[in-house]
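Q: sequence and predicted structure, then a few things I'm wondering about:
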Amino acid sequence: MTPITRAALWMAGWRLLMVVIAVAGREATRELTVFQVMMMRSGLGLVMVWPLVHRAGGLLAMRTQHLSQHVARNAVHYAAQYGWFAM
């Protein structure tokens, strides 16, 4: 398999998963509040990412010189996702 084919398959798989997350999130808001869906998504994400963070050296490996930029980016991301699930 060529690197371009492999990259195309990774991108297609990523896009498929994003569609699944979007549909599942909207369907979940039929039974739960948007805040509950966002908290579950964040909690599951943390559980899935934590082993990678731990392997990379723990929280010290996540030090940054640009904390305010990361906070701003995450605030925009959270607001955008909240808006997507709320609509």
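A: Everything's here; your move.

Q: please make it C-alpha for all contacts and neighbour counts, starting now.
A: Will do.

Q: what about Val34, how many residues nearby?
A: Other residues near Val34 number 21, with proximity taken as other CA atoms under 10 Å.

Q: that one against Ala86, yeah?
A: Yes - Val34 is within contact range of Ala86, at 6.2 Å (criterion: CA atoms under 8 Å).

Q: any idea which helix is longest in this structure?
A: Taking DSSP state H as the criterion, the chain has its longest helix at helix 3-28.

Q: which positions within that helix qualify as buried?
A: By neighbour count, with 16 or more other CA atoms under 10 Å as the criterion, the buried positions of helix 3-28 are 25-26.

Q: got the contact list for whichever helix or strand comes after that helix?
A: Heading C-terminal from helix 3-28, the first helix or strand you meet, by DSSP states H and E, is helix 34-56. Residues lying outside helix 34-56 but in contact with it, judged by CA atoms under 8 Å, 6 or more residues apart in numbering, are 25, 28-29, 59, 61-62, 82, 85-86.

Q: okay, the residues you listed in a markdown table with pLDDT and distance to Ser42 next?
A: Formatted as a markdown table, the entries for the contacts of helix 34-56 read as follows, by pLDDT from 0 to 100; distance: CA to CA, whole Å:
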| residue | pLDDT | distance to Ser42 |
| --- | --- | --- |
| Gly25 | 86 | 12 |
| Ala28 | 91 | 14 |
| Thr29 | 90 | 15 |
| Leu59 | 84 | 17 |
| Ala61 | 83 | 20 |
| Met62 | 82 | 18 |
| Tyr82 | 88 | 12 |
| Phe85 | 84 | 14 |
| Ala86 | 84 | 16 |
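
Q: any of those buried? List them.
A: Judged by neighbour count, with 16+ other CA under 10 Å as the criterion, the buried members of the contacts of helix 34-56 are 25, 29, 85.

Q: columns distance to Asn74 on top of those, output as CSV?
A: Listed next are the buried ones among the contacts of helix 34-56 as CSV, based on distance: CA to CA, whole Å:
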residue, distance to Asn74
Gly25, 19
Thr29, 22
Phe85, 16
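
Q: measure stretch 57-74 end to end?
A: Between the opening and closing residues of stretch 57-74 lies a distance of 22 Å (CA to CA, to the nearest Å).
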